[in-house]
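Asker: A structural model of the following input is requested.
(chains A, B, C and D)
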Amino acid sequence: MAEAVLTRRRRRSWRLILSGGWLGVVVIAALFAPLIAPHDPLAQDLLLQRLPPAWMAGAEPGYLLGTDGLGRDVLSRIIYASQVALTVAFVAAPIACIIGSVLGLLAGYYGGWVDQIVSRIVDVWMAFPPVLFAILLVAVIGTGLHSVILAIIVIDWIRFCRVVRAETLVQRRMDYVDSAHIVGLSRIAILVKEVLPNVLPAIVALLSLEMGIAVIVEAILSFVNLSISTDDPTWGGMIAEGRTIIHFAWWVLVFPLIVLFLTVLAFGQLGEGLKDRFDPVLQ
Amino acid sequence: MTILRAIATRIATTLVTLFGVAIIVFVVIRVAPGNPIAMMLPPGASEEDIARLTALYGLDRSIPEQFVIWLGGVLQGDFGTSISLRQNVLTIVLGRLPATLELSLLALGIAIVLGAALAFVATRWRETPAEAGVDVVNGIALSVPDFLWGLALILTLGVAWPVFEISGRVSPTLDLPFVTQFYLVESLLRLRLDITLNLLDHMIMPAVALALPLAAVIAQLLKASLKETIRQDYVMLARTKGFSESRVILHDAMRNALLPTLTLTGVQLTFLIGGTVIIERIFSYEGLGNLAIDAVINRDLPLIQGIVILFAVLFVGINLAIDLLYAILNPRLRHG
Amino acid sequence: MSAPLFSVEGLSVALPDPNRKPLFRPRPMVEILHEIGFEIAEGEVVGVVGESGSGKTTLGRTLVRLIDPTGGAIHFAGTDITHRDDNALRPLRRDLQVIFQDPLSSLNPRLTVGRTIARPLLFHGVAASASEAHDLAAATLEIVGLPPAFSARYPHELSGGQRQRVGIARAIALKPRFVLADEIVSGLDVSSQAQILSLLERLKSELKLTVLFISHDLSVVRRLCDRVIVMRGGRILENRPTGPLFDHPEHPYTAELKAAIPLPEIDPDWLAAT
Amino acid sequence: MSAPFLDIADLSIALKAEPNHRLLRSVSLNVAPGEVHGLVGESGAGKTMIGKTIFDILPHAVTVLAGSVRLGGQDILTMRHRDQRQLIAHTSALIPQDPLTALNPVRRIAGQMTDRLTAILGLSRGAARDRALQLLNEVHIADPERVLASYPHQLSGGMRQRVLIASAFAAEPKLIVADEPTTALDVTVQKQILRLIAEMQERHGTALLFITHDLGVVAKICRKVTVLFGGSVVEDTDAESLFAQPKHPYTAALIAATPRYDRPEDSLLPVPAEVIESTWQEIRRADAAWAEARR
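Answerer: Residues are numbered from 1 along each chain as shown, chains lettered A, B, ... in the order given. This next block holds a predicted model:
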């Protein structure tokens, strides 16, 4: 038994190391983009259009991952684009998390009319296809980083709300809540001091996962040309361009896609790993 | 009698939800700056022309007034006229709906088969490398959304090793003798298997992209549920009767494990259908989602409203159906 | 004789029926307790026995106002607490403590044993500072027979019997006037059960505890209680001092319950006897 | 006295990951046809593990180190898997602990009572149904047709336990293992169910292994008793002498710890720490000898 637990724990710590490591790389790339990027991400050069990656025939050695349809360096654009992606992840997801978690805790713990109101709002939100909702919002309030963040918060808070409400309902039925009641703690104190610590691991795991989802939503908005301005590099924007010239220059699509893929995967796995870390029973 | 009243209550809350959706869409798209009429007319159109068309579409009235007029129309089955396509909204939307439904159902089928198979393998060969493998696959499929799977499939099976078609619903060169928009169903009914194959050739990659996250969710829920179930005394009792482990899982545990999975799958199915919006865009698939994005970009207010309402009806209907199905399958509720 | 610590008159409770869940609608209410009345004197240990569905657990939870009564009155130490809200009850909570049946569920899994015991002490001002509360918690652990070092442990690191001792420590740390013990030995092995019971016996004489001891096991109740209440179907059938109740049961159901207990001695006729 | 039907000899079991730490320590136990044999111990003593070994449904993480489990002379631990499942299905049955969880909530009683008869013993549906009705009559169920058509949640706890007892006897097994069959029941129901088990066992002449933690129940229903502690047998004797003259101090302490309403002062006595310690010392000595012998 102990052996099995050890193996599982080892697998878990590998998950944390790998996902945390990759996200560390992305954060560094975003923070030090001007120092790391070999070229200006906006510099167009029509003579250097669609250069293949450095290891292929016809490549220029200075352009490691090739150039896009306007002759801009793919690697530099990927590095600069991580700034937008991480801004969205670290601003939009936490705000959505706070709004959704607070409402979910209140609805799950107090029940009654509080729960009725929150649940009806959630019902309405659930009746929208989230991606379409986000696209609609950005189309209405106009493109730009602030709009994108606002749209993600608007569509994302209910995911926290639903999970936290369900988890709170489970915890509320435990005897330790009754015994805190017996002590005389007020309802809000029980919610904050007794219930919240037991719901927190689920929130942390979801927050990490939703940071990845925020990055994806931004990419989708860029893909349909509705994110920030068209010039500034975003992974989604690069993918959209790559999709149109996929038969001539696959690398314009492939490299941002791989980076996006790994980033989203890392956020998800980090969440799972953290959830286990937080669980005292597994320690 | 009580059952009827219960169903009536449930339908009433459903209508409240739809009303909420209608209000939100209506208000959100009308606070948008810019006049959509100006966008549809050629540059240089006179102020007079713009004003005339604005009045024609009722856009010169106050928002509550517009809402009442629109709602009155909707209740009579009139969703208005599309500004960009100049056609009846309901006709356009219902014309595109079959394409999206066929894609979603194909994806759902793939997800259920794949998810159930993974859960079975992980349970039958639990605590072996097979289970660990399923966990890893699941973990990846869970955290990577359909958008990325779609692009990855285009790159691999569409471009690098071109096995499947990467755009459209059916090859334009094919002559389609169909009367409905349910091409896949109709081609099967008319035994035009050549067309069926061509349709599947286009649909398989978007369907798999949509199915993968849902398959992972189903596999994860079902596996957890099966693991819980096979620890139950009645499963142990079945084992002592001399049945094989596979039979015990399929015969004595699967049905119990499916019930909790089913309730959670309803919500996930709406996520899948919501995913068609971007997946159809990526694969240039002529469905409702692709239409929706065009409508947003063109500021086609009546069309956007129509599409969102249709999605909402679909989603709410699915959740209602899942609740009823759960009640039918659970003997505890049936005979309660 | 002094005034009783608890007095209960005509107490009725209705709860949502757990066996019926109509689709999309709240569960119908069923009456669990029907006009119950009894008293508990200060320093008395009263047993409540009954089979499942007798309403004994609901009775206990209603006395400490975890459940709202639908009728009747509950007086505790001269105060009417029947419909007091949380805020008004708070000053009394210190004197109304509970030991729960399942310590794994009643101890917060994310709090150490020490914090679980110390938190109420700080809350009610029994301890003035965190360190004083910690010392008191450690001392209480010793009273219930656990090493003070257990303060730092989490509930899942303890055995069933040890967890139940922590549950007892949390309840008595506040020096309450009344403790409700709800089936506290039913999940334990015979040997842990005997240990917990002798601990309770010791605490009863040392701390002069007033206890309502709920159990399905007549033998356990006989050992510990001064008086026994026999319940069935939400009603009290018998409420008498322990000795007479066991020696000469008045209600046939009490006699039936007694006869159904298998004693650890060979008796070939027991099975056939009805 | 006839040859034992169940014959467990020197059975040792451990976690695969920790083969040196045995969960069952050279356990021997046999039950003859027509005999009711009690298997007593506190939680963790290994009683349920023995029950699982008899049906070879131990968890994956556990492995048998040594010993044999014979059913009618054949060692199920060394048989081909298919033959073993057949042998178990034909000769042995389990009465489980909790009637609330031992019936599948989504299947009707009829299917659950007859599936072994139709799928493994090859009876026709009609014949299996007749057999089920007959058995429900035997366990004094007044309305067997209705019970067969019911789902478990429509029956009371005592009724479900009757159904489970009837199913256990369905295939005329030679051996029945009853794993704490009355622990989850109220005392008055427990007495009825004990009476019913004894009656059925006598009528069918089955060998019955009765697993329980309750010495009171043992005294009322068992002829022979095996007492387990820490995965090893501390005492194996007939019930009369166990209660009159317990040989092992742990057995004596266990009897003294058992509650009894007729003697409140000298029952419910905590098991003395010295007894626990000396019993563990015996076990550690046996462990050392066993490890030596295996080397």
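
Asker: contacts, neighbours, all on C-alpha from now
Answerer: Fine.

Asker: quick one: least confident helix or strand in the chain?
Answerer: Because you didn't say which chain, this covers chain A. For chain A, counting by mean pLDDT, DSSP states H and E, helix A:2-31 ranks last in confidence among helices and strands (a mean of 79).

Asker: ah, no, chain C please
Answerer: Across the helices and strands of chain C, mean confidence by mean pLDDT, DSSP H and E is lowest for helix C:103-106: a mean of 86.

Asker: For that helix, what is the distance to the chain centroid?
Answerer: Averaging C-alpha positions (CA atoms, centre = their mean, to the nearest Å) puts helix C:103-106 14 Å from its chain's average.

Asker: The top helix by length along chain B: which residues count as buried?
Answerer: In chain B, assigned by DSSP state H, the helix with the most residues is helix B:193-230. Neighbour counts over helix B:193-230 (16 or more other CA atoms under 10 Å in any protein chain shown) mark B:195-196, B:198-227, B:229-230 as buried.

Asker: likewise stretch D:263-272?
Answerer: Neighbour counts over stretch D:263-272 (16+ other CA under 10 Å) mark D:264, D:267-271 as buried.

Asker: JSON lines for those, including distance to B:Glu165?
Answerer: Shown next, in JSON lines, are these (distance: CA to CA, whole Å):
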{"residue": "D:Pro264", "distance to B:Glu165": "84"}
{"residue": "D:Ser267", "distance to B:Glu165": "81"}
{"residue": "D:Leu268", "distance to B:Glu165": "78"}
{"residue": "D:Leu269", "distance to B:Glu165": "80"}
{"residue": "D:Pro270", "distance to B:Glu165": "77"}
{"residue": "D:Val271", "distance to B:Glu165": "77"}
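
Asker: any chance of those in TSV, with secondary structure, pLDDT and distance to B:Ala8 too?
Answerer: Formatted as TSV, those follow (DSSP: H, G, I helix; E, B strand; the rest coil; pLDDT from 0 to 100; distance: CA to CA, whole Å):
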residue	secondary structure	pLDDT	distance to B:Ala8
D:Pro264	coil	84	60
D:Ser267	coil	86	61
D:Leu268	coil	87	59
D:Leu269	coil	89	62
D:Pro270	coil	89	61
D:Val271	coil	90	63
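
Asker: hmm, back to that, next structured bit after the least confident helix or strand of chain A?
Answerer: helix A:33-36 (DSSP states H and E).

Asker: Check which helices and strands that next one is in contact with.
Answerer: Applying 3 or more CA pairs under 8 Å, 6 or more residues apart in numbering or on different chains; DSSP states H and E, we find helix A:33-36 packed against helix A:74-110.

Asker: can you list the residues of the stretch 101-250 of chain A near chain B?
Answerer: By CA under 8 Å from any CA of the partner chain, the part of the stretch 101-250 of chain A that sits against chain B consists of A:120, A:123-132, A:135-137, A:139-141, A:209, A:213, A:216, A:220, A:246-247, A:250.

Asker: Return the subset of those lying in helices.
Answerer: In helices, judged by DSSP H, the following of those are found: A:120, A:123-126, A:130-132, A:135-137, A:139-141, A:209, A:213, A:216, A:220.

Asker: thinking again about what came up before, C-terminal to the longest helix of chain B, what's the next element?
Answerer: With elements assigned by DSSP H and E, the helix or strand that comes after helix B:193-230 is helix B:233-240.

Asker: Against which helices or strands is the helix or strand where A:Val199 lies packed?
Answerer: Here A:Val199 sits within helix A:196-223, counting by DSSP H and E. Here helix A:196-223 touches helix A:74-110, helix A:130-141, helix A:145-172, helix A:235-244, helix A:251-278, going by 3+ CA pairs under 8 Å, 6+ apart.

Asker: follow-up on the earlier one: what is the longest helix of chain B packed up against?
Answerer: For helix B:193-230, the packing partners by 3+ CA pairs under 8 Å, 6+ apart come out as helix B:89-124, helix B:129-143, helix B:146-153, helix B:183-189, helix B:254-282.

Asker: Any chance of CSV for these, columns distance to B:Leu303, mean neighbour count and mean pLDDT?
Answerer: Below are the helices and strands packed on helix B:193-230 laid out as CSV (distance: least, CA to CA, whole Å; neighbours: other CA atoms under 10 Å in any protein chain shown; pLDDT from 0 to 100):
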stretch, distance to B:Leu303, mean neighbour count, mean pLDDT
helix B:89-124, 6, 20, 94
helix B:129-143, 33, 17, 90
helix B:146-153, 24, 22, 94
helix B:183-189, 23, 17, 87
helix B:254-282, 15, 21, 88
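
Asker: Just the pLDDT for residue 257.
Answerer: In the absence of a named chain, this looks at chain A. What the model reports for A:Leu257 is a pLDDT of 93.

Asker: wrong chain, I was asking about chain D
Answerer: Per-residue pLDDT puts D:Ala257 at 92.

Asker: Would you check that it makes contact with C:Ala194?
Answerer: Yes: between D:Ala257 and C:Ala194 there is a contact under CA atoms under 8 Å: 6.0 Å.

Asker: Spit out the residues that contact these two alike.
Answerer: Overlap of the contact sets of D:Ala257 and C:Ala194 (by CA atoms under 8 Å, 6 or more residues apart in numbering or on different chains) consists of D:268-271.

Asker: Just put these in CSV and tack on distance to D:Ala219.
Answerer: Below are the shared contacts of D:Ala257 and C:Ala194 laid out as CSV (distance: CA to CA, whole Å):
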residue, distance to D:Ala219
D:Leu268, 17
D:Leu269, 19
D:Pro270, 20
D:Val271, 20
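
Asker: Quick check: chain neighbours aside, which residue is closest to the closest residue to chain A within the stretch 151-295 of chain D?
Answerer: Using CA to the nearest CA, the closest approach of the stretch 151-295 of chain D to chain A is made by D:Gly231 at 17.3 Å. Nearest residue to D:Gly231, sequence neighbours excluded (CA to CA, 6 or more residues apart in numbering or on different chains): D:Leu24, at 4.2 Å.

Asker: thought that neighbour was touching D:Ser232?
Answerer: Yes: here D:Leu24 reaches D:Ser232: they are 6.0 Å apart, a contact under CA under 8 Å.

Asker: which residues do the two both contact?
Answerer: D:Gly46.

Asker: quick one: low-confidence parts of chain A?
Answerer: For chain A, the stretches with pLDDT under 70 are A:1-12, A:229-230, A:279-283.

Asker: give the contact list for the residue of the stretch 51-200 of chain C found nearest chain A.
Answerer: With CA to the nearest CA as the measure, C:Ser106 is the residue of the stretch 51-200 of chain C nearest to chain A, at 3.8 Å. Neighbouring residues of C:Ser106 by CA under 8 Å, 6+ apart: A:174-179, C:100, C:167.

Asker: what do you get if the cut-off is 10 Å, keeping everything else the same?
Answerer: By CA atoms under 10 Å, 6 or more residues apart in numbering or on different chains, the contact set of C:Ser106 is A:174-180, C:99-100, C:155, C:163-164, C:167.
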